[in-house]
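Student: Predicted model follows, preceded by the sequence.
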Amino acid sequence: MKGQTAQIIGWREWISFPGLGIPAIKSKIDTGARSSAIHTYMIEPFEKSGQEYVRFGVHPFKKRRDVEVICEAPVLDKRIVTDSGGHSELRYVVNTLVKIGEQSWPIEVTLASRETMLFRCLLGRTALAGKYIIDPVRSFVFGRNLRREYRDWNAA
């Protein structure tokens, strides 16, 4: 962030993934996690034009199964990721744009079941490096307006 004033971000924020068609998802900003993850309830690998892809479903709200987004993305990698409880699993990794406030940039996101977690999305320090200063006592610095994106949402 040389020559720029760093923006403040809270420990949780509403963000979007425009490249995946996810207009809003509440995310925990987690500097303790290296990688980022998004909750998926279904993952289907397939091939498209000779390249490996993955189709996956996202329920962006914890208590609303009627709101679902079906996403497709090229597979960037498959990696073994160890969670905070010490459990390791092989996860698909995709590259996509993340948008926070007016800023957007490409990040790598792992696909995982976060069914038992409070947040459907976790943004790790690799995705945030050089972008923001995290204020652990603040929340929703960029507002809560994104959740309204689903007001008229019809389940697929």
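Tutor: Arrived safely, thanks for sending.

Student: use CA for all of it now, contacts and neighbours both
Tutor: OK.

Student: I'd guess Arg148 is in a helix, am I close?
Tutor: Yes: counting by DSSP: H, G, I helix; E, B strand; the rest coil, Arg148 is part of a helix.

Student: quick one: secondary structure of Ala127?
Tutor: Ala127 ends up helix, using three-state DSSP.

Student: my guess is it contacts Ile107, does it?
Tutor: Yes: the pair formed by Ala127 and Ile107 meets the contact definition of Cα atoms under 8 Å, at 5.6 Å.

Student: what sits against Glu44?
Tutor: Shown in contact with Glu44 (Cα atoms under 8 Å, 6 or more residues apart in numbering): 54-56.

Student: following the helix or strand where it lies, which helix or strand shows up next?
Tutor: Assigned by DSSP states H and E, Glu44 belongs to strand 42-48. Remark: after strand 42-48, the chain's next helix or strand is strand 51-58, criterion DSSP H and E.

Student: Any chance you could list what contacts that next one?
Tutor: Residues from elsewhere that reach strand 51-58, judged by Cα under 8 Å, 6+ apart: 39-47, 68-75.

Student: Show me which of the residues you listed are buried.
Tutor: Neighbour-count burial (16 or more other Cα atoms under 10 Å) applied to those gives 39-40, 43, 68-75.

Student: Just the CA atoms of the strand or helix carrying Leu123, as CSV, please.
Tutor: Using DSSP H and E, Leu123 maps to strand 121-124. Output of strand 121-124 as CSV, limited to C-alpha atoms (Å, rounded to 0.1, in the frame of the first residue of the first chain):
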residue,chain,number,x,y,z
CYS,A,121,-17.2,-17.3,4.2
LEU,A,122,-13.8,-16.7,5.7
LEU,A,123,-11.3,-14.2,4.2
GLY,A,124,-7.8,-15.2,5.2
